[in-house]
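[1] predicted model follows, preceded by the sequence.
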Amino acid sequence: MADCATGERAVARRTAPAPAFGVVGARIAPDAAVPTLAFRLQIGSRAEDDIRSIVLAVQIRIATARRPYGAAERERLSELFGDRAQSPVPQDRLWTHASVVVPPFVRETTVEIPIACTYDMEIATTKYFHALDDGEVPLDFLFSGSVFYADPDGRLQTCRISWDRQARFSLPVSTWKVMIERYYPECAWLRLDRATLDRLHAWKTRRALPTWQATMDALLAAADRGPQP
């Protein structure tokens, strides 16, 4: 199987495609059942390449060290980064994996990579996005997979995408915040085990509190008052 990028033999260099990838935009996917970001991926290849399909795997990483953080952001990120006075910002953090099948094209094409997002505050990436006030989130896209193409004689061939195929993109924090607000207006999600939820429900029922918001407000108010003499 030929390597799409190196092509050590002369024949492989003439026939095996070496597609290039670039992420050129992101949008909130309309009408998605869950919050979804669609990243616009531009793929280019040589004019003579007859690409029939690409089965593309994508790993997306957050390059946390490539952006500055304000004092309030670092405080909110202390659970992820550690003590801000002691721990450096880690280099990157895995966000997610995705896959997409690219249809036939010549020279250049554009496809979208849909990424379903969650507002579960137990997830590290959600905590990270939530902690940011503004600016951009630096992302690294790492590509792998297989290219199916026709050689000069019309025979179907395949080659692997080289391990060094990568792209960078800066996602505006505002895009993520607008998406989350659209799906969860003025809300956040917390996950509890069933035993804790049962206790909380019993406490809510005994006090005839109408909503979970009222229940949490009452609990916090009681905690602020402290032990009663």
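    Sure thing, it's come through.
[2] in which helix or strand would I find residue 163?
    Using DSSP states H and E, residue 163 sits within no helix or strand.
[3] quick check: buried residues in stretch 33-52?
    If you call a residue buried by 16 or more other Cβ atoms under 10 Å, then stretch 33-52 has these buried ones: 35-39, 41, 43, 45, 49-51. The C-beta positions use only the backbone N, C-alpha and C, and glycine is treated the same way.
[4] what's the answer for stretch 120-127, then?
    123, 125-126.
[5] closest to residue 151 out of the residues you listed?
    residue 125 (42.0 Å; Cβ to Cβ).
[6] what sits against the closest one?
    For residue 125, the contact set (Cβ atoms under 8 Å, 6 or more residues apart in numbering) comprises 62, 93, 95-96.
[7] of the residues you listed, keep whichever come out buried.
    Buried among the contacts of residue 125 (16+ other Cβ under 10 Å): 62, 95.
[8] could you look up the SS state of residue 170?
    Under DSSP: H, G, I helix; E, B strand; the rest coil, residue 170 falls in the strand class.
[9] just give me the neighbour total for it.
    Neighbour count of residue 170, defined by other Cβ atoms under 10 Å: 15.
[10] export the contacts of residue 125 to a markdown table and tack on secondary structure, distance to residue 168 and pLDDT?
    Shown next, in a markdown table, are these (DSSP: H, G, I helix; E, B strand; the rest coil; distance: Cβ to Cβ, whole Å; pLDDT from 0 to 100):
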| residue | secondary structure | distance to residue 168 | pLDDT |
| --- | --- | --- | --- |
| 62 | strand | 12 | 96 |
| 93 | strand | 15 | 91 |
| 95 | strand | 14 | 96 |
| 96 | strand | 16 | 96 |
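[11] what would the contacts of residue 125 look like in TSV with distance to residue 133?
    Below are the contacts of residue 125 laid out as TSV (distance: Cβ to Cβ, whole Å):
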residue	distance to residue 133
62	16
93	19
95	19
96	23
